[in-house]
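Enquirer: show me the folded form of this:
(chains A, B and C)
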Amino acid sequence: MIEPLLELFFARYNYWMAIILMLIGLYTLIAKQNLVKKLIGLNIFQTAIFLFYISLGEVRGGTAPIYLPEGVDALYVNPLPHVLILTAIVVGVSVTAVGLSLIVRMHEECGVIDEDGLLKEMRHR
Amino acid sequence: MTLIDHLPVLIIVIPILASLLILLAGWWDRRLCYPISLITILLQFGAAIVILLQVMREGAIRYYLGGWAPPFGIELAIDSFNSFILATILLLAAATAVYARRSVEREIGPEKTISFYVLFQLLVTGLVGMTITGDIFNLYVFLEISSIAAYTLIASARKPRSYVASFNYLVLGSIAGGFILIGIGNLYVATGTLNMLDLARLLPASFELATVHAAFLFLVIGFSIKAAFFPLHLWLPDAYTESPSAVTILISTVMAKVSIYALFRIIFTIFSTAYIIDVFPVTGFILFIATVAMIAGAVLAIAQSDLKRMLAYSSVSQVGYIMFSLGVTNQVALEGGLLHILGHAVMKGCLFMVAGLIIYRMGTSRLSELKGIAKAMPISCAAFALAGASMIGIPPTIGFMSKYYIVLGALEAGHWVYAGILLLGSLLAVGYIWRFIEIAYFRDGRDRGSGARTLEAPASMLAPMVALALLCLLLGVFVEGLMEIVGPAASLLLGGA
Amino acid sequence: MKENVVIRTISRFLVPFIQVYALYVIVHGALGAGGGFQGGVVFAASFILMIIAFDLPYVRQRFNYKWIVICSVLGVTIYATIGLLCLIPSGNYLEYGAIEAALGIPHLHGYLIDAVEVGIGITVMAAMTSIIYDISNKGGESS
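Expert: Got it, this is the predicted structure:
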């Protein structure tokens, strides 16, 4: 009974890991009150996607796709997903930066950075 | 090769350079920022018109960046559909740019104007890039450029509420971005290409794969969040209400429309009608949700006590109309849907401009404090009435024409019940539009004098508003000319020539 | 922050190495793994190390906001200009081969790619540094 399930898990364990990480990230986003923790959850969520992409490009036994001298033959991993995810990482960094600076501003204005506190603060104004 | 051939890339690169120029010029003299921004956007609009005419005359333009032919390189592909969207969004961006100057001075403060215009330029450029790119990953990159600019612009109202609105949008927008990214990854796994036309060619072979179904769902949900399609609209009311007026106009007209464009592009060009009707039947579901969105958005709009928030919920309802045409999936309804993309952008732009003017003069947009405002601001309220009539769908405005075609399409496809509910939704629109008209015209103001003192806003803010209000009417009257643009676009989406 | 001689000396010693490594990564972008993004981030890491080891005003004095704006504008301008230059010999945007063919200089496209990478690197470095400045300065004085 358990054997085929394990088989299913280990045959594609990289995707399972990406899914688990993604769910951890989404859980953090939904369940945590503190906005900084929410942002960390967002980062975990994005990292899961990066992991998914990076494992896409993997070729078993492949080497880094670097220009080799004439006559040398090698099996390359697929560089395209890695290049794509580089862009996505930059996007993730920028989003985190914007989010953090928003939190800094909220802290300056209201003095709280958790959801309930902010809601209370909003109702007062 | 003349300069005209390079317009697709120049329309992206020149504005990016212009945004840097704004940054540098702002050091020297802050007053230079606005003219540079305005000239750039007007140039972009001119270029968009040239591209539109060229596409109508000679067919689709395909531009290979770096000379690399697809599927290896990134291409810019402009066909009859996105040239129409391009012209629409740049028309609205130009109107917003004219409007922005005084509103920015008032609401953002002089020391932040430089950053505002830089971000404004980047937002428009990102959306233009999203519209004309032919590469799905490039679409994602431009989406994130425009989104990050939008988060910052929403927060630029510098109130705690706008920070919270911006943060909520940031979280939801990033989740949407993540979903889109997963969808793109799945498509890449299934086909090994990222070029949209190449995907459209290769995808039918693997329609049955679970990977493709997952990709479809991730992409559609991601872009639905971005487009604020009904149950996923939660970021929208706060973001629209709490941002500065100019930003509200830009994101409610331009940005929302581009997200819907992307959704149409993904569903029709990449997955094709065969997929959504036969392989993975979702049209009925989309139709249902769109109907719910129309009704729920309108009801929520009626329940609001703030003018801007009311208009924001009205946007949720109007996105429902456009998605309704997607759900019907036939030529006539899609023509109506595309008309509604233009029409809704024009009328909602006008309505938000009126709301912005009221905030500019009154400092508030709470409906209870706007009694008898029509005496003080006659032109604005008249523009509101005209654009509101278009929102309700009173002939001969553009709002009537687009809804007419959507209903006609629905009847043609045999969706009698849904068509009836759509008409009911239009009646609900009367509810919220009339509410403001009644308060503005038929209630007496408390202490606003005898109307001798006019509070009408400066001409640079009135002009674009009046122009858009008249456009609501003119586009409706001269709808035949528009149909020549929209018709080929709709048949292109449905897989025709 | 309390003065710590060991940390300060070691970071002073490390910074040039980090920067040289960043330059290597940037210049290596045309041929192999590397490029402007990674190099720019590594370069910015050297500033971040300085901010951690010393304090913000110390670094800000030497690399202030004005320079950040100039660097980010310069980087993008390099990128866009080289792209636009390719239009002159009737190539497409960023079609380096067109310039190479027009001028007849072999391997010119490699140098052009390097130049573009340098532009990207400068911008990324400036952007990363400004993010650190803004966040560690409570959002204070930006533009």
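Enquirer: what about the longest helix in the chain?
Expert: Using chain A here. Longest among the helix segments of chain A by residue count, using DSSP state H, is helix A:79-110.
Enquirer: wrong one, I was asking about chain C
Expert: As far as residue count goes, and with DSSP H defining each element, the longest helix of chain C is helix C:108-136.
Enquirer: which strands and helices lie in contact with that helix?
Expert: Helix C:108-136 sits against helix A:79-110, helix C:5-27, helix C:36-53, helix C:56-62, helix C:65-85, helix C:96-103, with contacts defined as 3 or more Cβ pairs under 8 Å, 6 or more residues apart in numbering or on different chains; DSSP states H and E. Every C-beta, even on glycine, is put in place using the N, C-alpha and C of the backbone.
Enquirer: check contacts around the residue nearest to A:H107 when sequence neighbours are not counted.
Expert: The spatially closest residue to A:H107, leaving aside those adjacent along the chain, is A:I113, at 5.2 Å (Cβ to Cβ, 6 or more residues apart in numbering or on different chains). Residues in contact with A:I113 (Cβ atoms under 8 Å, 6 or more residues apart in numbering or on different chains) are A:N34, A:L35, A:V36, A:I103, A:M106, A:H107.
Enquirer: and what of C:S130?
Expert: With contacts defined as Cβ under 8 Å, 6+ apart, the neighbours of C:S130 are C:Y65, C:I68, C:S72.
Enquirer: chain neighbours aside, what residue packs nearest to the last one?
Expert: With Cβ to Cβ, 6+ apart as the measure, C:A126 is the residue that lies nearest to C:S72, at 4.0 Å, once sequence neighbours are left out.
Enquirer: what's the spacing between that neighbour and chain A?
Expert: Between C:A126 and chain A the distance is 13 Å, computed by Cβ to the nearest Cβ, to the nearest Å.
Enquirer: same check, this time on B:A345
Expert: From B:A345 over to chain A the distance is 26 Å, taken as Cβ to the nearest Cβ.
Enquirer: does B:Y418 touch B:A410 like I think?
Expert: Yes. The pair B:Y418 / B:A410 is scored as a contact, 5.7 Å apart, by Cβ atoms under 8 Å.
Enquirer: more neighbours: which of those two?
Expert: When B:Y418 is set against B:A410 and neighbours are counted by other Cβ atoms under 10 Å in any protein chain shown, the residue ahead is B:A410, at 26 against 22.
Enquirer: around chain B, which positions in chain C sit nearby?
Expert: The interface of chain C toward chain B, taken as Cβ under 8 Å from any Cβ of the partner chain, is made up of C:69, C:72-73, C:76-77, C:80, C:83-84, C:87, C:90-98, C:142-143.
Enquirer: let's go with 10 Å and repeat that
Expert: Proximity of chain C to chain B is assessed by Cβ under 10 Å from any Cβ of the partner chain, with C:66, C:69-70, C:72-77, C:79-81, C:83-84, C:86-87, C:89-98, C:142-143 identified as the residues in range.
Enquirer: sketch out the low-pLDDT regions of chain C for me.
Expert: Low-confidence segments of chain C, defined by pLDDT under 70: C:1-3, C:30-33, C:137-143.
Enquirer: same thing with chain A?
Expert: Per-residue confidence of chain A (counting by pLDDT under 70) places the weak regions at A:1, A:65-68, A:71, A:125.
Enquirer: residues of it that sit close to chain C?
Expert: Neighbours of chain C within chain A, by Cβ under 10 Å from any Cβ: A:64-68, A:79, A:82-83, A:86-87, A:89-90, A:93-94, A:96-98, A:100-105, A:107-108.
Enquirer: any of these buried? List them.
Expert: Applying a neighbour-count criterion of 16 or more other Cβ atoms under 10 Å in any protein chain shown, the buried members of the residues of chain A next to chain C are A:65, A:82, A:89-90, A:93-94, A:96-98, A:100-105, A:107.
Enquirer: before we move on, the earlier item: and the residue nearest to C:S72, how many neighbours does it have?
Expert: If you count neighbours by other Cβ under 10 Å, C:A126 ends up with 25.
Enquirer: again, but for B:T329
Expert: Counted with other Cβ under 10 Å, the burial measure for B:T329 works out to 21 neighbours.
Enquirer: please identify which helix or strand holds B:K257.
Expert: Here B:K257, judged by DSSP states H and E, is contained in helix B:256-264.
Enquirer: name the helices or strands packed onto that helix?
Expert: With contacts defined as 3 or more Cβ pairs under 10 Å, 6 or more residues apart in numbering or on different chains; DSSP states H and E, the secondary structure elements packing on helix B:256-264 are helix B:80-107, helix B:113-132, helix B:136-155, helix B:210-227, helix B:307-328, helix B:331-362.
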